[in-house]
Structures are given as structure tokens and as C-alpha cells.
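Colleague: give me a 3D structure for the following:
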Amino acid sequence: MIVEFVVAAGKKEQARSWARIDDGALTARGEGAPATAADVTFTATPADAQGLHEGALDLSVGFMRGQVKMAGDFGALLQLLPLTGGRAPHMSVAEMLPG
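Modeller: Numbers count the residues shown, from 1 in each chain. Presented below is the predicted three-dimensional model:
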């Protein structure tokens, strides 16, 4: 699954990155648009993106509150959210973002 993250202020995109997750493990990540179409794309404001990066905002909570917008395959979303949330997440959003 390819997950794309977009940081935007209003209609102006500020950053874009992606991560590949195979069998519940992060296998690649990078900056810019992915080489193949993303299965799921998340868009957040700079402040909310910072919260995701720092772990102050949980991806599933941000999505449910409307702070993080999602486009793409809802089935892929349902596979991803359990990996990034809960008391003992398998991976953090910060791990999926480029260094």
C-alpha cells in the first residue's frame, strides 16, 4: 500500500511525502509524489501535520475530527489505522515521513 501525506495551507501545498507499507511493515519512504498512485492520501494543515509528526495528534483521531482529510481507498485506510493507533501502535506517522 502507498500512503501519501500532503501539508497544505488552504489551497497552497507546502510539502508532499509518501510511504510504502507491505504486510504491516514500512518498506520505503520518500519526499514528493510517489512513482505510482497512492492508495490513500492524507492532507493536513501545517499545525496538524506537526502534531502528527510529534505524536501529539493520532492519525485516526485527526481523521475522525476532520483535521486530517483522506482521499482514496477506504479499505486501505481501514488496514492502515490499526497500525498507527492505539496504546501500542505498530508504527508512528513520524516513521512514515522522510527524515
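
Colleague: elements contacting the helix or strand of the chain with the lowest mean pLDDT?
Modeller: Sorting the helices and strands of the chain by mean pLDDT, DSSP states H and E puts helix 93-96 at the bottom, at a mean of 84. Applying 3 or more Cβ pairs under 8 Å, 6 or more residues apart in numbering; DSSP states H and E, one finds that helix 93-96 contacts strand 2-9, strand 25-31, helix 46-54. Placement of C-beta: from N, CA and C, glycine included.

Colleague: neighbouring contacts of that helix?
Modeller: Helix 93-96 is contacted by residues Val3, Phe5, Ala19, Ile21, Leu26, Arg29, Leu52, His53, Glu54, Gly55, Leu59, Thr84 when judged by Cβ atoms under 8 Å, 6 or more residues apart in numbering.

Colleague: same list, the residues you listed, but as TSV with distance to Gly72 please.
Modeller: Below are the contacts of helix 93-96 laid out as TSV (distance: Cβ to Cβ, whole Å):
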residue	distance to Gly72
Val3	9
Phe5	12
Ala19	13
Ile21	13
Leu26	18
Arg29	17
Leu52	17
His53	21
Glu54	24
Gly55	23
Leu59	14
Thr84	15
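
Colleague: since that was my last question, I'll sign off now.
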